[in-house]
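Colleague: Turn this into a structure:
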Amino acid sequence: MSVILNEVKDLALEVKMYYVYIVANWNNRVIYTGVTNNIERRIYEHKNKLFDGFTKKYNVNKLVYLEDTTDVQAAIEREKQIKGWKRHKKNALVEKINPTWKDLSTLIK
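Modeller: Here you go, the predicted structure:
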């Protein structure tokens, strides 16, 4: 029995997860859509402004939307899809799972 459990654990460790996420600034007027294979690290980078760029410039660091997949190509395509949407459609996506636009980053630790 323990051999089977160890094999299952090994398989679980091999599964890579990819995340498509939306972060917003304090008043939700500015949003950014991204993709990553490590959501905890990526949100830490946004919150601590570790890289120059859009999210640092506009103080975009509140995680308001998150979805995951094991398929890296699906994650990249989904990010591109969302980035191509008009703002009202992005807002509707966020509000479907997070109607008050609260910071979801505390849920991923």
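
Colleague: Assign the closest residue in space to residue 95 that isn't next to it in sequence to helix, strand or coil.
Modeller: The shortest distance from residue 95 to any non-neighbouring residue, by CB to CB, 6 or more residues apart in numbering, is to residue 101 (7.6 Å). Quick note: C-beta positions are derived from backbone N, CA and C, even for glycine. Put simply, residue 101 is coil when judged by DSSP: H, G, I helix; E, B strand; the rest coil.

Colleague: May I have the phi/psi pair for residue 101?
Modeller: phi 60, psi 40 (degrees, to the nearest 10).

Colleague: same check, this time on residue 19
Modeller: Dihedral angles (degrees, to the nearest 10) for residue 19: phi -130, psi 130.

Colleague: Tell me who's in contact with it.
Modeller: With contact set as CB atoms under 8 Å, 6 or more residues apart in numbering, residue 19 has these partners: 35, 36, 37, 39, 42, 66, 67, 68, 75.

Colleague: Quick check: buried residues in the strand or helix carrying the last one?
Modeller: This means residue 75. Assigned by DSSP states H and E, residue 75 falls within helix 72-83. By 16 or more other CB atoms under 10 Å, the buried positions in helix 72-83 come out as 75, 78, 79, 82.

Colleague: buried residues in the helix or strand following it?
Modeller: The helix or strand immediately downstream of helix 72-83 is helix 87-97, counting by DSSP H and E. Within helix 87-97, the residues that count as buried by 16+ other CB under 10 Å are 90, 91, 93, 94.

Colleague: I'd assumed residue 64 was in contact with the last one.
Modeller: I take that to be residue 94. Yes. Contact criterion CB atoms under 8 Å: residue 94 and residue 64 qualify, at 5.1 Å.
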